[in-house]
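**Student:** Fold the following.
(chains A and B)
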There are 2 protein chains.
Amino acid sequence: MEYPSKLVENAVNEVSRLPGIGKKTALRLVLHLLKENENLTFALTESLNDLRSGIRYCKECQNISDTETCQICSSHRRDHSIICVVEDTRDVLAIENTAQYQGLYHVLGGVISPIEGVGPSELNIEQLLKRVKDADSEVKEIIFALSPTMEGDTTAFYLTKKLSEFNLKISTIARGIPIGGELEYADEITLGRSILSRTVYQKD
Amino acid sequence: MEYPSKLVENAVNEVSRLPGIGKKTALRLVLHLLKENENLTFALTESLNDLRSGIRYCKECQNISDTETCQICSSHRRDHSIICVVEDTRDVLAIENTAQYQGLYHVLGGVISPIEGVGPSELNIEQLLKRVKDADSEVKEIIFALSPTMEGDTTAFYLTKKLSEFNLKISTIARGIPIGGELEYADEITLGRSILSRTVYQKD
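**Tutor:** The predicted structure is shown next:
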């Protein structure tokens, strides 16, 4: 497509590099910015620049944080004996929204994926091991809350091996039929796994 | 949702003000920028700032342009006797892509919409009238290529009245069954209109 202006073309190219945004959507967004007051654009770009230059990560859990140690890690009301290992910040937000978990987190920053060239050294794995070590057996349990994909499983397997030297309970979040889900629409693998990992109501 | 950082919260709020982007998508985009090299963010924000401060509009057709008069308006290979009136730049791009039109354009910048508070004075209507007047009867035809909505029809009606003092042919793009469309799936209004505005193959 031939754009009416170099400035528009540059902006469309940059915006369409964002995930899930193609050239058509990018053009729509760019023309929207042109139609609105210019302060909207400048507020947007300023907030992104500030974010990129000012962002910090918690030295404990590696989650995004405004302070050296994040609110969760520095809270005395959280259970410091459990660490939930997640891929990224969005997972922390999702679990926090459930209000079912009172422990700490550890943000890996991704999962091991040879196809995408992500090895263990690209992730915050060393920090996790150091954290467990430094806590001097204060940490009793590690919960994996990773994606139910081959990459997620590989990462969980790798971490389990690395953590085996410590005296820890290691678990993963339950896989099964979602609440409100219908059995007939569940895929065979999920349904099969949910039978294998059935929950016991009453022991004989 | 409680974000882990004020910087993230600000960025999410700004990004989610864009059309079609909610808080969840905004967070995904913002976290993507954090994961990538910071140059990506700075290139993005710079291109948007440059766009917003450097953008110019063609003094003839009011389309976005890098020059005082846009490429189309200044071309001697275009037919200067026809002006196609459109809502915005995207419509110009869409019509240019068909390679079926050799005339000029006029970009209104929207359509008359009392609900959204857009009256004739917010649109580039005066510029169109001035253009037709100044061309001193060089312009022979005006084609409306506006949305097939009530707002589009209202705008076409308003413009027709305003243009009636000039000796012009005024037309609108054909409404009908899209090429490749199936009759049975067409809505009644489109199908009804397509019968009323049927194209004559052979006269008796």
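**Student:** any idea which helix or strand carries whatever residue of chain A ends up closest to chain B?
**Tutor:** Of all residues in chain A, A:Thr45 sits closest to chain B, at 3.7 Å by CB to the nearest CB. In this view, the C-beta of every residue, glycine as well, is placed from N, C-alpha and C. Per DSSP states H and E: A:Thr45 is located in helix A:38-54.
**Student:** what is the mean pLDDT for stretch A:104-112?
**Tutor:** Stretch A:104-112 carries an average pLDDT of 94.
**Student:** okay, that stretch in CSV with CA atoms only?
**Tutor:** The C-alpha coordinates for stretch A:104-112 follow below in CSV (Å, rounded to 0.1, in the frame of the first residue of the first chain):
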residue,chain,number,x,y,z
LEU,A,104,5.2,-15.3,47.0
TYR,A,105,6.0,-15.4,43.2
HIS,A,106,9.0,-15.9,41.0
VAL,A,107,8.8,-14.5,37.5
LEU,A,108,10.9,-16.5,35.0
GLY,A,109,10.4,-14.1,32.1
GLY,A,110,9.4,-16.8,29.7
VAL,A,111,9.7,-20.6,29.2
ILE,A,112,12.5,-22.7,27.7
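**Student:** I'd guessed A:Val139 sits against A:Val132; true?
**Tutor:** Yes: with contact defined as CB atoms under 8 Å, A:Val139 reaches A:Val132; the gap is 5.1 Å.
**Student:** Identify the contacts common to the two.
**Tutor:** A:Ile83, A:Phe166, A:Leu168 (CB atoms under 8 Å, 6 or more residues apart in numbering or on different chains).
**Student:** Which one of the residues you listed is nearest to B:Lys6?
**Tutor:** B:Lys6 lies nearest to A:Ile83 out of these, by CB to CB, at 25.2 Å.
**Student:** Report whether that closest one is found in a helix, as I expect.
**Tutor:** No: A:Ile83 is assigned strand when assessed by DSSP: H, G, I helix; E, B strand; the rest coil, not a helix.
**Student:** where does the residue in chain A sticking out farthest from the centre fall, helix, sheet strand or coil?
**Tutor:** Computed with CA atoms, centre = their mean, the residue of chain A farthest from its C-alpha average is A:Asp204, at 40.5 Å. Secondary structure, three-state DSSP: A:Asp204 is coil.
**Student:** so who does it touch?
**Tutor:** So A:Asp204 contacts nothing (CB under 8 Å, 6+ apart).
**Student:** And it, what's its pLDDT?
**Tutor:** pLDDT, A:Asp204: 71.
**Student:** isn't the residue of chain A closest to chain B right next to B:Leu51, touching?
**Tutor:** No: judged on CB under 8 Å, A:Thr45 makes no contact with B:Leu51 at a distance of 10.0 Å.
**Student:** out of these two, which sits in the busier spot?
**Tutor:** Ranked by neighbour count (other CB atoms under 10 Å in any protein chain shown), A:Thr45 and B:Leu51 place B:Leu51 first, with 25 against 22.
**Student:** Now do the most centrally placed residue in chain A against B:Val8, distance only.
**Tutor:** Nearest to the mean C-alpha position of chain A, counting by CA atoms, centre = their mean, stands A:Asp88 at 2.0 Å. Distance, A:Asp88 to B:Val8, using CB to CB, to the nearest Å: 12 Å.
**Student:** Overlap of the contact sets of these two?
**Tutor:** With CB under 8 Å, 6+ apart, A:Asp88 and B:Val8 have common neighbours B:Leu31.
**Student:** and the nearest residue to A:Thr160 once chain neighbours are set aside, which of the three is it?
**Tutor:** Closest residue in space to A:Thr160, ignoring its immediate chain neighbours: A:Ile170 at 5.7 Å, by CB to CB, 6 or more residues apart in numbering or on different chains. Under three-state DSSP, the three-state class of A:Ile170 is strand.
**Student:** A:Ile170 - how many residues pack around it?
**Tutor:** Count around A:Ile170 with other CB under 10 Å applied: 15.
**Student:** Let me see the contact set for it.
**Tutor:** Contacts of A:Ile170 were listed using CB under 8 Å, 6+ apart, and they are A:Glu141, A:Ile142, A:Phe144, A:Thr160, A:Leu163.
**Student:** circling back to that earlier point, can I get the shared contacts of A:Val139 and A:Val132 in TSV including distance to A:Glu68, pLDDT and neighbour count?
**Tutor:** Putting the shared contacts of A:Val139 and A:Val132 into TSV (distance: CB to CB, whole Å; pLDDT from 0 to 100; neighbours: other CB atoms under 10 Å in any protein chain shown) gives the following:
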residue	distance to A:Glu68	pLDDT	neighbour count
A:Ile83	19	95	23
A:Phe166	25	90	14
A:Leu168	26	90	16
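**Student:** Against which helices or strands is the helix or strand of chain A with the lowest mean pLDDT packed?
**Tutor:** Ranked by mean pLDDT, DSSP states H and E, the helix or strand of chain A with the weakest confidence is helix A:188-196, at a mean of 84. The criterion is 3 or more CB pairs under 8 Å, 6 or more residues apart in numbering or on different chains; DSSP states H and E, and there are no helices or strands that helix A:188-196 contacts.
**Student:** Flag every buried residue along that helix.
**Tutor:** Under the neighbour-count criterion of 16 or more other CB atoms under 10 Å in any protein chain shown, helix A:188-196 has A:Arg193, A:Ser194 buried.
**Student:** Same check on stretch A:45-54?
**Tutor:** Residues of stretch A:45-54 classed as buried: A:Thr45, A:Ser47, A:Leu48, A:Asn49, A:Leu51, A:Arg52 (neighbour count, 16+ other CB under 10 Å).
**Student:** State the mean pLDDT of that stretch.
**Tutor:** 92.
**Student:** again with stretch A:63-73
**Tutor:** The average pLDDT within stretch A:63-73 is 90.
**Student:** From one end of that stretch to the other, what's the distance?
**Tutor:** 10 Å (CA to CA, to the nearest Å).
**Student:** In chain A, where is pLDDT below threshold?
**Tutor:** A:1 (pLDDT under 70).
**Student:** Show me how it divides into domains.
**Tutor:** As assigned by automatic domain parsing, chain A contains the domains A:6-54, A:64-172.
**Student:** and those domains as CSV, adding distance to B:Glu126?
**Tutor:** As requested, the domains of chain A are arranged in CSV below (distance: least, CB to CB, whole Å):
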stretch, distance to B:Glu126
domain A:6-54, 19
domain A:64-172, 49
